[in-house]
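A.B. asks: no letters, just coordinates:
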Ligand SMILES: Nc1ncnc2c1ncn2[C@@H]1O[C@H](COP(=O)(O)OP(=O)(O)OP(=O)(O)O)[C@@H](O)[C@H]1O
Ligand SMILES: [Mg+2]
C-alpha cells in the first residue's frame, strides 16, 4: 500500500524520445488505468515504475521515496505480464511461492500464503499442475496469484486480459475489480481497451504519443473530455465529429460545408464564423421530426440496440456520415431519410485548430 | 451379425484395402531409398564390425568364428584397461570443461554487446577448421622446442625451460584434453546459445521483480529451462569425445607410454597397422556399452521433463 507519484517522467531510447514528461499522482489504494492507442508509451511507463527500464528524466516516487535508482527487487512491486510469464518448469504452487522462496521465507509460511492466495483465486485444485496444463484464464489467475502472494506495495498490470477471449475478459475484469476491492492495494493497470478502463478504474490516465492527454474519473472523461482525442477515445461507439462554422444569432447554429445546420450549444468565446468541431456521441442522438435530416447508409441491429450510420442531409446532399445509437426496436431501409436531433446539453465543442474543448 | 461384418470390414482387411488404395504403397516407396541407404551404410558395417569381433580375421586372411576369445584376451590385457581408463578420463575431463566453458561463453554471447554477430561467428571458427588442420596447429603449439606457449612464458619470465607438452604423461593428457576442449566448445556454446534465446525475456523480468539476484535467475530460471538442451548437447559431446581419433592420432599417436591412447586409436592400431582386424573390431565393439550408457543416462535422466509435456493430465 503506497502512493505513487510520477513527476515529469521522460523516456528516450537513444535519440528517440517516447515519453515526453508525464505527471500522474496516484493515491494510496487507488486503481489507476493507463489507456491509449498502441505505441503511446503505456508499457514503457509501467516498466519504468517496475524498474525494468531506466528513467531518462523526472522522478518516480513510491510511498514518498524516489525510486529512480532503486533496483526492482527493492521497490516492492508485483507485475502481471501480458503473456503471464509463468515459469514453465514450476508447478502453480511453486510459481506463486517463488518470490517467498527467494526471500528465504520458512516453508510453512510459503505454503500458507500460497494456499490463501489460491483460495482467493479459486486455484486450490490446480496447485500441482504445470502452466502448460492450464487454460488461458487459469494461467491468468496464476499470474495474479503470484502477485498477490507477495502482498506488495503496488500492483502493476500490463494488458493482462488481451490474450483472453471476449467472454473470459469480461469475467476476469470483474474478478480483478473484486480483488482490488478486497485487497485495496494501489494498482496501475495498462490497457488499450477503453471499456476495460471505464469499468475498472478509479482514475483514468489517457495517453497519446508519449504525453498525458487527460486524467480523471471515468465518467468525467466521458462527460467532459478535455480535447478531441480523449473525446474520440473514450466511449464506444466513438463520438461523431462534425466540422463546421459557427453562425451566431438568435438561434446559434453550426453550418457544415455541405450546408447542413445543427443546433449549437451556448459556449463562451464563440465568434461568428469560427471553425469548430462539433462532438456528438451516438447514444446522445434521438429521432426528432423537427431535427436535421439524414440519409440512412447502414443499420446494425444487435437486439438490445440498433446502430444506424447515416449521411447528414437529405437524399441529394453529400453530408458527413455520423453514427447514431437507438435503444428502441427500429428498422430503416438504406436510403431512407430520418430526422435526428442531439439531446440538449450533451454535445461537445472543440476548437478545430487545437482540438481543445471550448 | 452378418450385417455388422459386412458394413465393418475387419482391421486386417481395411489395412490391405488401404495398401491397395495406394497411400501406403506410396509411403513405402518414398521410404525405400532411406531404408536402403540405412541398411547398406549403417546396419551392414555395424553388423560386419560386430561379426569381425567374434572372429580371428587378419588382413588378407579370412578368419574363423572364435566366440568370445577376443574379448577374453582383452580382459586380461593391461594395455586395454589402461586405454579404457584413458578414454574415460579424456571424455569426462573434456566434457566437463566443454560444458563449463561453453555455457559461460553462451551466456556471454547472449548478453547485449557491440559486434554481437561478429563474436558469434568467431566462436564457430574452431568448429569450421578441419580437425586434422587444427590438430597440426596444436602440434606446433605443443612442440617441445618451438612451442609458442613456452616461448611466451619464458619471455614473461614465468618459466626458465620450455615445457615438454607431449613428452610427459600428465602434460600430454592435459594437452590433448585442451585441444579437444578448444575444438568442442563452439558446438556446445552455439547450441546452448540457441537454447538461451528460446527463454522468454519476460521470465527473467518476472524473476527480477520476484526479487531474484543474477545468480538466482541463473540457478532457478536459466539452468532448469536449458536442461533439455544441455542433455542433448552433452550427449552428443560425450559421444564425439569418447570416439575421438583424429586429434590423438595427429598429436601423440597414443604416447607417451600409451598415456593418451584411446579406445578408438587402439582399435585402429591393432586392426590396421597391427593387422588383427578381429581384435580391433572387438575393441571398437567394447565402446558400444559405454556409449549406450551415456545415451540412456541422458535420455531417462535429463532429456524430457514433465513440465515440457503438453496437454491435460
Ligand atoms: N527498445 C526500444 N527501442 C526503441 N523504441 C522503443 C523500444 N521499446 C519501445 N519503443 C517505442 O516506444 C514507444 C512506446 O512503446 P510501448 O511499448 O510503451 O507502447 P504501448 O503503449 O505499451 O503500446 P501497446 O498498446 O501496443 O503495448 C513505441 O513507439 C515503441 O516503438
Ligand atoms: Mg504495451
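C.D. replies: Thanks, I have the structure now. No experiment lies behind these values; they were computed from the predicted model shown. Ligands and ions are numbered 1, 2, ... in the order given.

A.B. asks: now the element after the helix or strand hosting residue B:99, going C-ward?
C.D. replies: Assessed by DSSP states H and E, residue B:99 sits inside helix B:78-110. On the C-terminal side of helix B:78-110, the nearest following helix or strand under DSSP H and E is helix B:116-123.

A.B. asks: mean confidence (pLDDT) on that following helix, please.
C.D. replies: Over the span of helix B:116-123, the pLDDT mean works out to 84.

A.B. asks: just the residues contacting that helix, thanks.
C.D. replies: With contact meaning C-beta atoms under 8 Å, 6 or more residues apart in numbering or on different chains, helix B:116-123 is reached by B:105, B:109, B:113, B:185, B:186, B:189, B:190, B:193. (Each C-beta comes from the backbone N, C-alpha and C, glycine too.)

A.B. asks: in what helix or strand does whatever residue of the stretch 151-300 of chain A ends up closest to chain B lie?
C.D. replies: Residue of the stretch 151-300 of chain A nearest chain B, by C-beta to the nearest C-beta: residue A:156 (8.6 Å). According to DSSP H and E, residue A:156 maps onto strand A:154-158.

A.B. asks: in whichever helix or strand comes after that strand, what counts as buried?
C.D. replies: As assigned by DSSP H and E, the chain's next helix or strand after strand A:154-158 is helix A:166-183. Residues of helix A:166-183 classed as buried: A:169, A:172, A:173, A:175, A:176, A:179, A:180, A:183 (neighbour count, 16 or more other C-beta atoms under 10 Å in any protein chain shown).

A.B. asks: just checking, what packs against helix A:166-183?
C.D. replies: Applying 3 or more C-beta pairs under 8 Å, 6 or more residues apart in numbering or on different chains; DSSP states H and E, we find helix A:166-183 packed against helix A:107-121, helix A:136-149, helix A:194-200.

A.B. asks: C-terminal to it, what's the next element?
C.D. replies: That would be, after helix A:166-183 and using DSSP H and E, strand A:186-191.

A.B. asks: any part of that next one near chain B?
C.D. replies: No: Strand A:186-191 lies apart from chain B when judged by C-beta under 8 Å from any C-beta of the partner chain; the minimum separation is 13.6 Å.

A.B. asks: find the least confident helix or strand in the chain, judged by mean pLDDT.
C.D. replies: Answering for chain A, as no chain was given. strand A:261-263 (a mean of 83; mean pLDDT, DSSP states H and E).

A.B. asks: can you list contacts of that strand?
C.D. replies: So strand A:261-263 is in contact with A:242, A:244, A:247, A:251-256, A:278, A:292, A:341-342, A:344, going by C-beta under 8 Å, 6+ apart.

A.B. asks: restricted to strands, list these.
C.D. replies: A:242, A:244, A:247, A:253, A:254, A:255, A:278, A:292, A:341, A:342 (DSSP state E).

A.B. asks: re earlier: how about the helices and strands packed on helix A:166-183, which one is nearest residue B:66?
C.D. replies: Closest approach to residue B:66 among the helices and strands packed on helix A:166-183 (C-beta to C-beta): helix A:107-121, 63.0 Å.

A.B. asks: what about that closest one and chain B, touching?
C.D. replies: No: on the criterion C-beta under 8 Å from any C-beta, helix A:107-121 is out of touch with chain B, staying 12.7 Å away.

A.B. asks: could you chop the chain up by domain?
C.D. replies: Went with chain A since none was named. A:4-231, A:240-351 (automatic domain parsing).

A.B. asks: that's the wrong chain, I meant chain B
C.D. replies: Split by automatic domain parsing, chain B gives B:17-46, B:77-308.

A.B. asks: the residue lying closest to residue B:191 once chain neighbours are set aside and residue B:240: what is the separation?
C.D. replies: Leaving aside its sequence neighbours, residue B:191 sits nearest to residue B:233 (C-beta to C-beta, 6 or more residues apart in numbering or on different chains; 4.5 Å). When C-beta to C-beta, to the nearest Å is the yardstick, residue B:233 and residue B:240 sit 11 Å from each other.

A.B. asks: more neighbours: these two, which one.
C.D. replies: Neighbour totals were compared for residue B:233 and residue B:240, and residue B:233 leads with 25 against 17 (other C-beta atoms under 10 Å in any protein chain shown).

A.B. asks: my guess is that one contacts residue B:189, does it?
C.D. replies: No: in this structure, residue B:233 is not within contact of residue B:189 by C-beta atoms under 8 Å, at 9.5 Å.

A.B. asks: joint contacts of these two?
C.D. replies: Going by C-beta under 8 Å, 6+ apart, residues that sit against residue B:233 and also against residue B:189 are residue B:102.

A.B. asks: can you give me the helices for the stretch 201-350 of chain A?
C.D. replies: A:218-223, A:228-233 (DSSP state H, counting those that start in this stretch).

A.B. asks: need the winner for burial among the ones you listed.
C.D. replies: helix A:228-233 (a mean of 22; mean count of other C-beta atoms under 10 Å in any protein chain shown).

A.B. asks: mind checking if it is in reach of ligand 1?
C.D. replies: No: residues of helix A:228-233 contacting ligand 1 under C-beta under 6 Å from any ligand atom: none, with a closest distance of 12.7 Å.

A.B. asks: and stretch A:193-200, by the same measure?
C.D. replies: No: interface with ligand 1: stretch A:193-200 contributes nothing (C-beta under 6 Å from any ligand atom), its closest point being 9.7 Å away.

A.B. asks: quick one: that stretch to chain centroid distance?
C.D. replies: Taking C-alpha atoms, centre = their mean, to the nearest Å, the mean C-alpha location of stretch A:193-200 is offset from the chain mean by 5 Å.

A.B. asks: ok, now stretch B:157-170?
C.D. replies: 30 Å.

A.B. asks: touching it from outside, list them.
C.D. replies: Taking C-beta under 8 Å, 6+ apart as the rule, stretch B:157-170 contacts B:142-145, B:147, B:149-151, B:153-154, B:171-172, B:175, B:251-252, B:255-257, B:259.

A.B. asks: of all of chain B, which residue lies closest to ligand 1?
C.D. replies: residue B:112 (10.7 Å; C-beta to the nearest ligand atom).

A.B. asks: residue B:223: how many residues sit nearby?
C.D. replies: 13.

A.B. asks: and it, what pLDDT?
C.D. replies: At residue B:223, pLDDT is 91.

A.B. asks: my guess is residue B:245 contacts residue B:265, does it?
C.D. replies: Yes: using C-beta under 8 Å, residue B:245 makes contact with residue B:265 at a distance of 6.0 Å.

A.B. asks: tell me which parts of the stretch 101-250 of chain B are close to chain A?
C.D. replies: Close to chain A, as judged by C-beta under 8 Å from any C-beta, the stretch 101-250 of chain B has residues B:200, B:202-203, B:205-213, B:216, B:220-221, B:224-225.

A.B. asks: excluding its backbone neighbours, what's nearest residue B:187?
C.D. replies: residue B:127 (5.9 Å).

A.B. asks: how about the strand or helix carrying the one you found: buried residues?
C.D. replies: Per DSSP H and E: residue B:127 is located in helix B:125-128. The neighbour-count check on helix B:125-128 (16+ other C-beta under 10 Å) flags B:126, B:127 as buried.

A.B. asks: contact partners of that helix?
C.D. replies: So helix B:125-128 is contacted by B:134, B:182, B:183, B:185, B:186, B:187, B:190 (C-beta under 8 Å, 6+ apart).

A.B. asks: hey, where'd the strands end up in the stretch 101-250 of chain B?
C.D. replies: Counting by DSSP state E, counting those that start in this stretch, the stretch 101-250 of chain B forms no strands at all.

A.B. asks: now do the helices in it.
C.D. replies: B:116-123, B:125-128, B:131-141, B:148-155, B:169-197, B:201-209, B:214-217, B:223-242, B:246-251.

A.B. asks: circling back: now, of the domains of chain B, which is deepest in the fold?
C.D. replies: domain B:77-308 comes out most buried of the domains of chain B by mean count of other C-beta under 10 Å, with a mean of 17.

A.B. asks: using JSON lines, lay out the helices and strands packed on helix A:166-183 together with mean neighbour count and mean pLDDT.
C.D. replies: Shown next, in JSON lines, are the helices and strands packed on helix A:166-183 (neighbours: other C-beta atoms under 10 Å in any protein chain shown; pLDDT from 0 to 100):
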{"stretch": "helix A:107-121", "mean neighbour count": "16", "mean pLDDT": "91"}
{"stretch": "helix A:136-149", "mean neighbour count": "23", "mean pLDDT": "90"}
{"stretch": "helix A:194-200", "mean neighbour count": "20", "mean pLDDT": "91"}
